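Asker: structure, please.
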Amino acid sequence: MLASVTRRLTRRLAVLAATAVALPAAVVAVAVSPASAATVDTSAQYVFVNRNSGKAMDLWNWSTADGGEIRQFTRTDGNNQQFQFVDVGNGYYQLRNRHSGKVVAVPNSNDGVQVTQVTASSDTKQHWRLADSANGDVRFVNRHSSKALEVWQWSTADGGVVSQYADLDGANQRWQLIRLGGGGTTPPPNPAPQTGLVGWATQNGGTTGGGSAGTTTVTSASALTSALNSSSAAVIRVSGTINCSGMLRVRSNKTILGNAGATIVGCGFTINGDRNVIIRNLTFRNWGDDAINIEQSATNIWVDHNTFSSGYDGAVDIKRGSDFITVSWNRIFSHDKAMLLGHSDSNGSQDTGKLRVTYHHNWFDGSNQRNPRVRFGNPVHVYNNFYSNVRGYGVASTMNAGVLVEGNYFENTPDPFHRGEGDSGPGSLVARNNHFVNSGSGQSGGSVAGIPYGYTLDGASSVKSIVTGGAGAGRISV
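Answerer: From the prediction side, this is the model:
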């Protein structure tokens, strides 16, 4: 422990020495062009970008709870990266997150302690003054501890911890204030496009869900079960957290929408032979079977802008002759088996010519496998998805399937795509215009049927920022 502290102190002293050497240049810069960064607009939303890492201060995992972690992440300008200055007097401000409505605070006065978000109060641990640095940057100095916000250990990685330390004016303690809007101007929370149905679910007459049918808001497992199983067309709004078990049957002509923060815990939805269903803006966690199961020739299904974590089996499994399905803008994390397409090597008689699915703009965030795993479907279209830290494999094409893997971003993913998996023989896989960062090159071969619908392909190198800024629940207004 002593050795660790000594190493940290040595690094800190080195930073301080470097800062002292650079001081005359900084003084000249300020004298020529006085820093005005500490003058802020309390009606505006700001993004705080660290001068050392180039990453933005971020409310980790879009938490709305007290204790939600403050970290850094690639800048997306999402609501979880937007902060408003709340004037508390005497030159101090609270930093209020736009997504959660909570403010940034330190738990104590210790060097290196991570900052979090808490409910606003008069506690001085929530109060920050802005100290000017060179180039118009600022340092955030806490009123309680007199220490500065920094990115711990000079991290340049997504997820780097934001902590406090003695104010040394190092580059990791300097933040650019990027003003997004103020007054009556509301900045867009995420990069466009974020809405609109694309892909296979537009075919076969399209997918409209409950359409203009009456809206029912449900807040309990019993009400949700009843609404989903009704034979009538309906728009169902889920409010709050619903704890349930098993698989809830979803009948035809349903639109299921999550209000802000809507969460399904412990159970999943099954669409069994029904058609024309839309599921959007829900968080699923800790399900005991699948989160969403689509089977027995179910058709025209759209699964969009949902978040999945910590379940037992598949997040979205599609099988047994189902067809004309789009899975878009979802995020899967802290989970193993993401998306299975086709359940068995022996089911070719039912599945051949079916299982046509589009997967686009999904964030496979460390999900280990089946992103997706495909049997028989042709063409299956996997485009503009972001694969981050996938340690098993990304896409597998098996059992005569035809998969087009196009314009995706693979990061820290050793096996981005391949043909065959386990005992399943190879399918065809065509890969084009993909972007690789610290990842394998993938295995492709064979030919794939043509894509029958129109779509706009984002440049693969931009997919990471687009998808992390838009995928998952809470990123759209519905």
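Asker: hmm, residue 300 and residue 205 touching each other?
Answerer: Yes. Residue 205 is within contact range of residue 300, at 6.9 Å (criterion: Cβ atoms under 8 Å). C-beta here means a position set from N, CA and C on the backbone, and glycine is covered the same way.
Asker: export stretch 215-234 as PDB, just CAs?
Answerer: Output in PDB follows, covering the C-alpha atoms of stretch 215-234 (Å, rounded to 0.1, in the frame of the first residue of the first chain):
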ATOM      1  CA  THR A 215     -53.800   4.200 -24.900                       C
ATOM      2  CA  THR A 216     -53.700   2.200 -21.700                       C
ATOM      3  CA  THR A 217     -51.100   3.000 -19.000                       C
ATOM      4  CA  VAL A 218     -50.100   0.100 -16.800                       C
ATOM      5  CA  THR A 219     -48.200   0.100 -13.500                       C
ATOM      6  CA  SER A 220     -48.500  -3.500 -12.200                       C
ATOM      7  CA  ALA A 221     -47.700  -7.000 -13.400                       C
ATOM      8  CA  SER A 222     -51.400  -8.000 -13.500                       C
ATOM      9  CA  ALA A 223     -52.400  -4.900 -15.500                       C
ATOM     10  CA  LEU A 224     -49.600  -5.400 -17.900                       C
ATOM     11  CA  THR A 225     -50.400  -9.100 -18.400                       C
ATOM     12  CA  SER A 226     -54.000  -8.300 -19.100                       C
ATOM     13  CA  ALA A 227     -53.300  -5.500 -21.600                       C
ATOM     14  CA  LEU A 228     -50.700  -7.500 -23.500                       C
ATOM     15  CA  ASN A 229     -53.000 -10.500 -23.800                       C
ATOM     16  CA  SER A 230     -56.000  -8.600 -25.100                       C
ATOM     17  CA  SER A 231     -57.200  -9.500 -28.500                       C
ATOM     18  CA  SER A 232     -57.900  -5.800 -29.300                       C
ATOM     19  CA  ALA A 233     -55.500  -3.400 -30.900                       C
ATOM     20  CA  ALA A 234     -53.900  -1.100 -28.200                       C
END
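Asker: any buried residues in that stretch, and which?
Answerer: 216, 218, 221, 224-225, 227-228, 233-234 (16 or more other Cβ atoms under 10 Å).
Asker: same deal with stretch 443-450?
Answerer: Of the residues in stretch 443-450, those buried (16+ other Cβ under 10 Å) are 443-444, 446, 448.
Asker: figure out how far that stretch is from the centre of its chain.
Answerer: From the chain centre to the centre of stretch 443-450 is a distance of 29 Å (Cα atoms, centre = their mean, to the nearest Å).
Asker: output it as CSV, nothing but the C-alphas.
Answerer: Extracted C-alpha coordinates of stretch 443-450, given in CSV (Å, rounded to 0.1, in the frame of the first residue of the first chain):
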residue,chain,number,x,y,z
GLN,A,443,-14.2,-14.5,-41.6
SER,A,444,-16.4,-14.1,-44.6
GLY,A,445,-17.4,-16.1,-47.7
GLY,A,446,-20.2,-17.1,-50.0
SER,A,447,-23.0,-14.9,-51.3
VAL,A,448,-26.1,-13.3,-49.8
ALA,A,449,-29.5,-12.5,-51.3
GLY,A,450,-30.2,-8.8,-52.1
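Asker: mean confidence for it?
Answerer: The average pLDDT within stretch 443-450 is 97.
Asker: repeat for stretch 421-440
Answerer: pLDDT averaged over stretch 421-440 gives 97.
Asker: show the end-to-end separation of it, please.
Answerer: 17 Å (Cα to Cα, to the nearest Å).
Asker: repeat for stretch 54-67
Answerer: Stretch 54-67: ends 25 Å apart by Cα to Cα.
Asker: TSV for the buried residues of stretch 443-450, including distance to residue 165 and secondary structure?
Answerer: Output for the buried residues of stretch 443-450, formatted as TSV (distance: Cβ to Cβ, whole Å; DSSP: H, G, I helix; E, B strand; the rest coil):
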residue	distance to residue 165	secondary structure
443	46	coil
444	48	coil
446	55	coil
448	53	coil
